[in-house]
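**Q** Next come a sequence and a model predicted from it.
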Amino acid sequence: MLFLPYTIDTVTEKRPFTNWIIIALCVVMFAFECVSPPSDWMMFVLDGWSLSGLVGHMFLHGGIFHLAGNMIFLWVFGNTVCGNSGNVIYGALYLFYGIMAASAHVIVTGTPAVGASGAINGVVGMAVAMYPLNRVGVFYWIFIRFGTFRMPLWILAFIWFLFDVRGALTNAEDVAYWAHIGGFLAGLCAGMIAIEKNWIVLSAYDNESLLDILLRRPRTR
């Protein structure tokens, strides 16, 4: 069973150079992991409060499928958010989300971890703050059936969030669920603050932001 997002219905106003650079860094670091002994990159593994781990872990991955899955999500959500928030703001927030996700993991779990998924969940949370009602295209593959469907972004993100909460409470798999939760909540809050402060301005083609909906205010286009 496989579900993968492939597009968000919105218009991007800038080229998402920062997101492309982050994706390239993840790929390069994974190649480095594959050809180098662990002693060369273990300093970047999240293990406690070292700065190298807090930042470096989000560019490491535990396998090709781990990398591929994260990069698909980062391509879909990151390109959209970066294209409408600006490259400088996006880069700073991506690092912030990764550090917040790592902090949640260290505080609650404390086990060594690698992967961009905590930071990516922050980007997803920010996308929910910006485009809760915009539709996401999703590819599915269930046994011998496959196809696509579309649904509002907030519903899809809420389902993912519930899975992360369930995983965090049951410890069902060797997944950094608390990092996912911490990153998502950081992205959701930072996204709403950025919209309220007009650091991010949505396009005239987008629906209401999450803050518009919560405050029941009409959106100024």
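**A** Received it, and whenever you're ready, just let me know what you need. This structure is a prediction, so every number in the text was calculated from the model and none was measured.

**Q** For the residue minimising distance to the centre of the chain, give its distance to residue 126.
**A** Nearest to the geometric centre of the chain sits residue 120, at 1.7 Å (Cα atoms, centre = their mean). From residue 120 across to residue 126, the span is 10 Å (Cβ to Cβ, to the nearest Å). Every residue, glycine included, has its C-beta placed from N, CA and C.

**Q** Report the mean per-residue pLDDT for the longest helix along the chain.
**A** Determined from DSSP state H, the single longest helix within the chain is helix 87-108. Across helix 87-108, the average pLDDT comes to 96.

**Q** List phi and psi for the residue in the chain sticking out farthest from the centre.
**A** Most distant from the centre of the chain: residue 144, at 29.2 Å, with distances by Cα atoms, centre = their mean. Residue 144 adopts backbone torsions of phi -100, psi 0, taken as degrees, to the nearest 10.

**Q** Over to residue 3?
**A** Backbone torsions of residue 3, given as degrees, to the nearest 10, read phi -130, psi 120.

**Q** same deal with residue 187?
**A** When read as degrees, to the nearest 10, the backbone of residue 187 gives phi -70, psi -40.

**Q** Endpoints of stretch 76-88, how far apart?
**A** Start-to-end span of stretch 76-88 (Cα to Cα, to the nearest Å) is 19 Å.

**Q** Just the buried residues of it, please?
**A** 76, 77, 78, 79, 80, 81, 82, 83, 84, 85, 86, 87 (16 or more other Cβ atoms under 10 Å).

**Q** Nice, that's everything, thank you.
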